[in-house]
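> Generate a structure from the sequence data that follows.
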Amino acid sequence: MSIICLSNHRRQHLQIYWNSSNRFFHSSGYLPVYLGDLLDFVCPYYENENFDQPIEYNTLYLVDENDYYHCNTTNHHPLIKCNKPFDTQRLIYTLSVSNYLPYPNLPEFEDEHYYYFISTSSGELDGLDQRSNGLCYTKNMKLTLHVQKYARHGYDQRRKASKLIIAKRTNFTHIGSTKRSFSHASRNSPFVYLFFLFCLLTKSKI
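Just a heads-up that it's a prediction; the model follows:
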């Protein structure tokens, strides 16, 4: 599979196969996530060296938007080097989408921001540290991570907005009816006063 999602009520745990053969890179390369999510970049892995397809080696980088479009990693540090495709223990880089990260070379993720990942390796072992073009250019090996706001948060905000609108409408209706009642009483105030006086006199006689 291109992307695997293991989720619970609070967070998603996504796994993306960081290999140029992944169909995900042949499409948009766009992935929406939320704060608190986990994202695994799974390096290429082969069970034996007699695999009938080319063995891929690559390096993962987090870059800025400009270098993303120009396939350039010259000014960026590697997050992981996928250089052990036959290891029994698969190489995986786990990224925590958090607004507080105690790790070097990583930003603090924020809502409604975009983050860019690419690989400029050639795909060969001797091109693992290549810093321009490479698989990013030849295989479109790039990922745009879009940190979105929580759906629950948006729902709560809509509820609050709805309550405010209802309150305003209620107040407006209440004020309107009060004004109408008051103006009606003002026009008939002499009759109301006389009626009230009549009731008092009648009661005193009884």
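
> okay, CA-based contacts and neighbour counts for the rest of this
Noted.

> so what strands line up beside the helix or strand hosting residue 13?
Assigned by DSSP states H and E, residue 13 falls within strand 12-17. Its sheet considered, strand 12-17 pairs with strand 3-7 (antiparallel), strand 38-42 (parallel) by DSSP bridges.

> Tell me what angle the helix or strand that comes right after that strand forms with strand 38-42.
Sequence order places strand 30-34 as the next helix or strand after strand 12-17, per DSSP H and E. Relative orientation of strand 30-34 and strand 38-42, computed by axes from the mean of the first three to the mean of the last three C-alpha atoms, to 10 degrees: 140 degrees.

> if we can go back for a sec, can you flag the weakest of the strands paired with strand 12-17 by average pLDDT?
In terms of average pLDDT, strand 3-7 trails the rest of these, at a mean of 63.

> so residue 118 makes contact with residue 71?
Yes: taking C-alpha atoms under 8 Å as the definition, residue 118 is a contact partner of residue 71 at 7.3 Å.

> By mean pLDDT, point me to the weakest helix or strand of this structure.
When the helices and strands of the chain are scored by mean pLDDT, DSSP states H and E, helix 151-187 comes last with a mean of 37.

> Need the nearest residue in space to residue 71, chain neighbours excluded.
Nearest in space to residue 71, with sequence neighbours left out and distances taken as C-alpha to C-alpha, 6 or more residues apart in numbering, is residue 133 at 5.0 Å.

> And the one you found, what's its pLDDT?
We note a pLDDT of 98 for residue 133 in this prediction.

> Please name the residues that touch it.
Shown in contact with residue 133 (C-alpha atoms under 8 Å, 6 or more residues apart in numbering): 70-72, 120-121.

> among those, who's most crowded?
For the contacts of residue 133, the largest number of neighbours (other C-alpha atoms under 10 Å) sits with residue 120, at 29 neighbours.

> Now for it: which residues touch it?
Residue 120 is in contact with 58-59, 71-73, 129-137, counting by C-alpha under 8 Å, 6+ apart.

> what touches both of residue 118 and residue 71?
residue 136.

> Let's see which of the contacts of residue 133 end up in helices.
Mapping these onto helices (DSSP state H) picks out residue 70.

> As TSV, the contacts of residue 133 with distance to residue 99 would be great.
Below are the contacts of residue 133 laid out as TSV (distance: C-alpha to C-alpha, whole Å):
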residue	distance to residue 99
70	27
71	26
72	26
120	27
121	29
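
> Turn the contacts of residue 133 into TSV, columns for pLDDT and distance to residue 45.
Output for the contacts of residue 133, formatted as TSV (pLDDT from 0 to 100; distance: C-alpha to C-alpha, whole Å):
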residue	pLDDT	distance to residue 45
70	98	28
71	98	24
72	98	25
120	98	19
121	98	16
